[in-house]
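Peer 1: this one's sequence-less:
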């Protein structure tokens, strides 16, 4: 709604920028003094972003290069470096490619849909705000807490993986000590603000990207017989597609790989959350999102394709779990190329991957908790932000939850820890489905309220098919994620895979009863509060950023080409 002269509003929100020499009054609930007077001089222009939803105290310090690398490296994690062999074992080379291609489309659509909404209304903790505003308040709250808990638990999961990585080099240091050291480092990286997080993720992503590109090049050269660990060099080609075959376990194998591939690609929605702390979200977010599809094809499909050519799906190392770098499909391919000593390098890359995931988990979960607090859905102190732009108490709370979850790994049997970590996996599908639903109603509201799609800084293609397919796929994946635990019966696996869905359903029902919220009518959906004004952002093009010595110019051009 527009701000009118001498108009009191119940909550601190406004829609369009205003300029005049007149005085305006607004009543702000959080202020103990009641009314706050705001004066605008003639010619001045203010950004009217909601005090609740735009979180103005968070600093917009993430640059274009940070966002580009976060979006690029965000889809490269342990699921590719360590667990891709399990997908190959489950479905065969062709089946694994099909599974990754389908999940890649879902990821592409979810990321594009979130990017469309996040550039139109660039707020931190974006999709919980969108779900509350475009769907239902109880639904958005459920999605927000689900996502916060998901990433807080993921941080704990990464803390347990770090000692396994370090043990490759030394066993002299206790596992809890390694976990504690890295937790402190990750906490400090986030303590210095979004710029510190972005800088760390930038270099983490650079290393991961280079590792994957080198792997694909070495794999292709090895497959052609130009290098290898035998004399003469073996020409692989597609021989493993013929024997033992292109598919393993038929359609059931593809379904199994479908689930595994889904887990490995979670985290792509982080780009939408960073929109609230980008210097220029209207320009940077679309640039980071537009090429997500091609990045998935190159990094995931390209890597899986190379693995399928050089590693037979029935290689026993593919089914040995993911506890050692020596059975990583990346390491196996490098060994077949005659580069046996590469295991140390791969272990370093995997260490960086784990740190990157934990760093991102700490960042996004603290921002999500802060956003929930700003909405009045969590303790008000959790929305306190330091001068550096850090939601300090949300960060501390997230770190404590991660620490407590990590402590459960020392309980004999580790059943509780296994259940908690599995809960985080299914939570990702709930988030993806929620984003698709919010975007579906967002688009319907734009059309119903007589607005133009051309107003959007970036428009997701294939609407509404993409939203409907994404929602359907997320429901199916979440329901079949634990099917393998039914026979033979595995109580821990079953509880871990389905308890998260049950908890989300219960939380949603309780919130509906308590708040009595209803599905927001399409004509009442708020498309204005916090909306970005493109004129408020500096419109620098890429070439203006290329300054400095020749080596800096060369590096920046390389980043632009890659991203």
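Peer 2: Structure received. Note that the structure is a prediction, hence the values are computed from the model and not measured.
Peer 1: by mean pLDDT, flag the weakest helix or strand of the chain.
Peer 2: Per-element confidence for the chain was summarised using mean pLDDT, DSSP states H and E. The lowest value among helices and strands belongs to strand 23-27, with a mean of 35.
Peer 1: need the three-state assignment for residue 488.
Peer 2: Three-state assignment for residue 488 (DSSP: H, G, I helix; E, B strand; the rest coil): coil.
Peer 1: so what's the residue count around it?
Peer 2: 6 (other Cβ atoms under 10 Å). C-beta: built from backbone N, CA, C; applies to glycine.
Peer 1: low-confidence ranges, the stretch 151-300 of the chain, go.
Peer 2: Across the stretch 151-300 of the chain, the stretches falling below the confidence threshold (pLDDT under 70) are 272-279, 291.
Peer 1: helices along that one, start to end?
Peer 2: Remark: helices of the stretch 151-300 of the chain, listed N- to C-terminal, are 175-191, 194-223, 239-240, 250-264, 270-274, 281-290, 292-296; assignment by DSSP state H, counting those that start in this stretch.
Peer 1: out of these, the one nearest residue 410 is which?
Peer 2: Nearest to residue 410 among the helices of the stretch 151-300 of the chain is helix 175-191 (7.6 Å), distances taken as Cβ to Cβ.
Peer 1: ok, and the closest non-adjacent residue to residue 335?
Peer 2: When the adjacent residues along the chain are set aside, residue 335 lies closest to residue 229, with 6.6 Å between them (Cβ to Cβ, 6 or more residues apart in numbering).
Peer 1: how close does that neighbour get to residue 116?
Peer 2: Computed as Cβ to Cβ, to the nearest Å, the residue 229 to residue 116 distance reads 48 Å.
Peer 1: show me which of the two is the more surrounded one.
Peer 2: The residue with the greater number of neighbours, taking residue 229 and residue 116 and applying other Cβ under 10 Å, is residue 116; the counts read 23 against 14.
Peer 1: domain parsing for the chain?
Peer 2: 1-48, 64-525 (automatic domain parsing).
Peer 1: quick check: which of those domains has the most neighbours on average?
Peer 2: Of all the domains of the chain, domain 64-525 has the most neighbours on average by mean count of other Cβ atoms under 10 Å, namely a mean of 20.
Peer 1: ok now that domain, how far from the chain's centre?
Peer 2: Its chain's average C-alpha position is 5 Å from that of domain 64-525, according to Cα atoms, centre = their mean, to the nearest Å.
Peer 1: mind checking how far the residue nearest in space to the middle of the chain is from residue 444?
Peer 2: For the chain, the residue whose C-alpha lies nearest the mean C-alpha position (Cα atoms, centre = their mean) is residue 267; its distance is 2.3 Å. Summarising the geometry, the distance separating residue 267 from residue 444, computed by Cβ to Cβ, is 28 Å.
Peer 1: and if you look at residue 527?
Peer 2: Plainly put, residue 527 is 11 Å away from residue 444 if you go by Cβ to Cβ.
Peer 1: ok, now residue 363?
Peer 2: Applying Cβ to Cβ, one obtains 32 Å for the distance of residue 363 from residue 444.
Peer 1: please apply the same query to residue 233.
Peer 2: Applying Cβ to Cβ to residue 233 and residue 444 gives a distance of 58 Å.
Peer 1: thinking again about what came up before, tell me which of the helices of the stretch 151-300 of the chain lies nearest to residue 468.
Peer 2: Set against residue 468 and scored by Cβ to Cβ, these come closest in helix 250-264, at 17.8 Å.
Peer 1: the closest one packs against which elements?
Peer 2: Helix 250-264 is packed against helix 78-81, helix 84-120, helix 415-448, helix 465-480, with contacts defined by 3 or more Cβ pairs under 8 Å, 6 or more residues apart in numbering; DSSP states H and E.
Peer 1: which of these has the lowest average pLDDT?
Peer 2: By mean pLDDT, the lowest-scoring of the helices and strands packed on helix 250-264 turns out to be helix 78-81, with a mean of 76.
Peer 1: can you show me the helices along the stretch 451-563 of the chain?
Peer 2: Here the stretch 451-563 of the chain has its helices, by DSSP H, counting those that start in this stretch, at 465-480, 491-515, 542-545, 550-562.
Peer 1: out of those, which gets the lowest mean score?
Peer 2: Within these, the stretch with the lowest mean pLDDT is helix 542-545, showing a mean of 46.
Peer 1: wouldn't the residue nearest to residue 335 be in contact with residue 334 here?
Peer 2: No - because the distance of 9.7 Å does not satisfy Cβ atoms under 8 Å, residue 229 is recorded as not touching residue 334.
Peer 1: can you list residues touching both of the two?
Peer 2: Residues within reach of residue 229 and of residue 334 at once, by Cβ atoms under 8 Å, 6 or more residues apart in numbering, are residue 340.
Peer 1: for residue 343, which non-adjacent residue is closest in space?
Peer 2: For residue 343, the nearest residue in space outside its immediate sequence neighbours is residue 331; the separation is 5.4 Å by Cβ to Cβ, 6+ apart.
Peer 1: ok so, going back, redo the helices of the stretch 151-300 of the chain as CSV? Include distance to residue 150.
Peer 2: Listed next are the helices of the stretch 151-300 of the chain as CSV, based on distance: least, Cβ to Cβ, whole Å:
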stretch, distance to residue 150
helix 175-191, 17
helix 194-223, 18
helix 239-240, 36
helix 250-264, 12
helix 270-274, 12
helix 281-290, 22
helix 292-296, 21
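Peer 1: among these, which is nearest residue 309?
Peer 2: Across the helices of the stretch 151-300 of the chain, the minimum distance to residue 309, taken as Cβ to Cβ, is reached by helix 194-223, at 4.6 Å.
Peer 1: quick one: contacts of stretch 487-503?
Peer 2: When contacts are taken as Cβ under 8 Å, 6+ apart, the neighbours of stretch 487-503 outside the stretch itself are 146, 415, 418-427, 430, 478-479, 481-482, 484-486.
Peer 1: redo the helices and strands packed on helix 250-264 as a markdown table? Include distance to residue 496.
Peer 2: As requested, the helices and strands packed on helix 250-264 are arranged in a markdown table below (distance: least, Cβ to Cβ, whole Å):
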| stretch | distance to residue 496 |
| --- | --- |
| helix 78-81 | 17 |
| helix 84-120 | 17 |
| helix 415-448 | 3 |
| helix 465-480 | 13 |
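Peer 1: and these: which comes nearest residue 131?
Peer 2: Of these, the one closest to residue 131 (Cβ to Cβ) turns out to be helix 415-448, at 4.8 Å.
Peer 1: what about residue 350, distance to residue 160?
Peer 2: The span separating residue 350 from residue 160 equals 14 Å under the rule Cβ to Cβ.
Peer 1: ok, now residue 486?
Peer 2: 26 Å.
Peer 1: ok, residue 369 next?
Peer 2: Using Cβ to Cβ, we find residue 369 at a distance of 22 Å from residue 160.
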